[in-house]
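>>> Fold the following, please.
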Amino acid sequence: MKKLTLLLFVLSNLITVSSFAQNVEEMKHDTNNGAPPKPLDDEFYPKMIGEWSGTSESNVGTAKEWQRCEWACDNQYVLILYTNEMEKPNEKYVKKNAAAMGMSEAEVEKIFMEMKYSAIGMMTMDDATGEYVGYWYDNFRGAYKGIGKMNGKKITMTWEGGGGSSTRTLEMDGEQTLIQTFTERDATGNEIIGTSTMKRKKK
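Reported below is the predicted structural model:
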């Protein structure tokens, strides 16, 4: 028993020393001297700050959207609050899902019309790689991580999570219009392609 206690003590100290040495090495390469990074100052994120509303058009149908973007954690992240409600389902999409689920088209359309989607997201940048990084959580308990880069004036990100994957491109048309194009797959494997267009409500 004494030997086991001694062995655990030695292992514990080795781990502590190793961890300390690793932290020292990280501090040597820390150009901020232990302080947080500078606030986000890229050319895109500051333009997102404010309240937006608009519509999403896809092969699922037409939906009305709303989101509010604000700074968080001393301007290290953009916090996004988002909602989406179906206005008019696509008839072909309703028919396809009704057949797949063994339900009537009226039942499926009712589900779509009563469904309210809400989510919260965080977006930032990885200073080491220059990549745009995002995290997204919704009322279906979906959790996603997105990574991408800016090409020209557009940010293209690939999102992965329990509900599947998607590719989304964000761009600004002036200061008042935010456009997002997306390609993803729903729970039944159907491909969804669409465009979201939102106008600034207030900043």
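>>> For the rest of this, base every contact and every neighbour count on C-alpha atoms.
Will do.
>>> In space, what's closest to Lys149 - neighbours in sequence excluded?
Of all residues not flanking Lys149 in the chain, Glu131 sits nearest, at 5.1 Å (C-alpha to C-alpha, 6 or more residues apart in numbering).
>>> Hmm, the one you found is touching Gly148, no?
Yes: using C-alpha atoms under 8 Å, Glu131 is in contact with Gly148, at 5.6 Å.
>>> Kindly tell me how buried the closest residue to Ser104 other than its chain neighbours is, as a neighbour count.
Leaving aside its sequence neighbours, Ser104 sits nearest to Ala98 (C-alpha to C-alpha, 6+ apart; 5.6 Å). Neighbour count of Ala98, defined by other C-alpha atoms under 10 Å: 17.
>>> Kindly indicate whether Ala98 is helix, strand or coil.
What DSSP: H, G, I helix; E, B strand; the rest coil gives for Ala98 is helix.
>>> That one: what's it in contact with?
Ser104, Glu105, Glu107, Val108 (C-alpha atoms under 8 Å, 6 or more residues apart in numbering).
>>> For it, give its distance to Ile192.
17 Å (C-alpha to C-alpha, to the nearest Å).
>>> for the chain, what spans make up the helices?
2-28, 45-48, 91-101, 105-114 (DSSP state H).
>>> Those helices: lowest mean pLDDT?
Among these, helix 2-28 carries the lowest mean pLDDT, at a mean of 47.
>>> Show me how this protein divides into domains.
Domain ranges of the chain: 1-35, 45-202, per automatic domain parsing.
>>> which of those domains is buried the deepest?
domain 45-202 (a mean of 16; mean count of other C-alpha atoms under 10 Å).
>>> what's the spacing between it and its chain's center?
With C-alpha atoms, centre = their mean, to the nearest Å as the basis, domain 45-202 stands 8 Å off its chain's centre.
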